[in-house]
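> Output the structure for:
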Amino acid sequence: MSNQSPYWVEGSSIAGDPGLLQQRTSASLGAVITGRRRMQAGARRDAGALSQDLQLPDLHDYAVRVTQPGVVAGEAARIQGEFVHDAIESNPSRLQDFNLHQPQSSHASIDRNAPFLVVRPGCAAEAEPVYLPPDVNTLLCVTEQCLLSRNVGSVIVAGNQPLPQWLDMDAAISHCAAGIGIWHWASNDAGSEPDVVMACCGDVPTLETLAAVEILRQLFPALKIRVVNVVDLRTLQTRGEHPRGLTDDEFDALFTRDKPIEFAFNGNPALIHQLVYRRTSQDNLQVRGYRVDATTSTPFDMAVQNGVDRFHLAGEVIDRLPQLQEFAAGARRFIRERLAEHRRHIREYGEDMPQIREWTWGSGCVVTAAALHPPASPVDSPAGVTRHSTARSPALRDNAD
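So this is what the prediction gives:
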């Protein structure tokens, strides 16, 4: 057997000195694995080293032409698919995988995956954006943002049924850049303090919120309503929790500090409460959203089951505002009758009522004096009590000719 020391490097004995062996071995290996010569730093292993900017089509080429909000209809998912298809065609070696997940659902417009959105308030700055665009043009904008972003996974929740379109492309670009904003064309507070804030997030909740606004305006023309639309859920967080989050002053400028907030959301209501729990106005917030016990039905009936339809939203505002209580009985009766009419119609015909399916912004919901205040009858009434008030609200005076 050889009498050589067990410690032998490059023909030189370093007998009895394992520290020297470790030093020389580390130096030798370090020269191999530093910098871009490391195996894991190879271009094929580090995809970021090969990434290039995408050449995307012009959004305006796919835009829905909106000359008046809520009149023309559009299919968000179909037009988004056309944009993504052309983006892939224009970047065959750069954009090869884009997952457009469409659940195996029927014609119901409320996405059954939306309730399972999870947004952690204290997450890192690079955490995924969560977008709920209200129409085609905003969907195109957030899709472009997702394609241009790097090292970030994004979530988009959108429907695939024809729905009213609200914003032209230039307005959509501005709205999505902010992620949240007041829709002044749908509001009548004229920059002053509103009586109530109607907030919405998601395509169907936006539609139903705006329809509720029209009902409330007909019932109570003097009521000052502010409409706030949310595209990016991250904006509801504080600036300290996420860079897209609003400061407290910015949040209060939108939602006020002390006015009732009625929020319609295409997801679990608890998520909105989770995001705004540090805000001054959190106690004024009432959120209506998806409930897991709803069954698949017509598109509008899905909204009714979840309480995010126009009638439930309008009724909630009436119940919450003390200044409306003098004339609230007739308004509540009108809402109950419309919901009963809806249930009878879908049972008989299996589809939503024409006035629901064909509703457009500005078309209104016909509210007559007779519908709100049917003739009072003293029959079977306790002494000194009448069944119906004979007082007429400002809404009735304006609408009764």
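> The protein: helices as residue ranges?
Using DSSP state H, the helices of the chain run over residues 18-33, 76-90, 136-148, 169-178, 203-219, 248-255, 269-275, 299-306, 310-320, 328-349, 354-357, 369-372, 394-399.
> Just put those in a markdown table and tack on mean pLDDT, mean neighbour count and distance to Ser281.
Just so you know, the C-beta spots here come from the backbone N, C-alpha and C atoms, and that holds for glycine as well. Listed next are those as a markdown table, based on pLDDT from 0 to 100; neighbours: other Cβ atoms under 10 Å; distance: least, Cβ to Cβ, whole Å:
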| stretch | mean pLDDT | mean neighbour count | distance to Ser281 |
| --- | --- | --- | --- |
| helix 18-33 | 61 | 11 | 55 |
| helix 76-90 | 89 | 16 | 31 |
| helix 136-148 | 93 | 23 | 25 |
| helix 169-178 | 96 | 18 | 19 |
| helix 203-219 | 96 | 26 | 18 |
| helix 248-255 | 96 | 16 | 5 |
| helix 269-275 | 92 | 19 | 12 |
| helix 299-306 | 93 | 23 | 24 |
| helix 310-320 | 96 | 22 | 14 |
| helix 328-349 | 95 | 15 | 24 |
| helix 354-357 | 94 | 14 | 32 |
| helix 369-372 | 51 | 16 | 31 |
| helix 394-399 | 34 | 16 | 28 |
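> do you know which of the ones you listed lies nearest Gln286?
Closest approach to Gln286 among those (Cβ to Cβ): helix 310-320, 6.3 Å.
> Show which residues not belonging to the closest one make contact with it.
With Cβ atoms under 8 Å, 6 or more residues apart in numbering as the test, helix 310-320 has contacts from 196, 198, 208-209, 211-212, 215-216, 219, 260, 262, 264, 286, 288, 304, 324, 328, 331-332, 335, 338-339, 365.
> Could you check how many residues crowd around the closest residue to Thr67 other than its chain neighbours?
Once flanking residues are discounted, Thr67 sits nearest to Asp168: 7.7 Å by Cβ to Cβ, 6 or more residues apart in numbering. By the measure other Cβ atoms under 10 Å, the count of residues near Asp168 is 17.
> Which residues are in contact with Asp168?
Ala63, Arg65, Val66, Thr67, Asn137.
> isn't Gln286 right next to Phe263, touching?
Yes: with contact defined as Cβ atoms under 8 Å, Gln286 counts as touching Phe263 (6.7 Å).
> Please compare those two by neighbour count and tell me which comes out ahead.
Using other Cβ under 10 Å, the more surrounded residue of Gln286 and Phe263 is Phe263, with 26 against 16.
> The more buried one and Leu285 touch, don't they?
Yes: here Phe263 reaches Leu285: they are 6.0 Å apart, a contact under Cβ under 8 Å.
> Give me the common contacts of these two.
Common neighbours of Phe263 and Leu285, counting by Cβ under 8 Å, 6+ apart, are Ile272.
> Check the gap between Ala314 and Pro92 for me.
51 Å (Cβ to Cβ, to the nearest Å).
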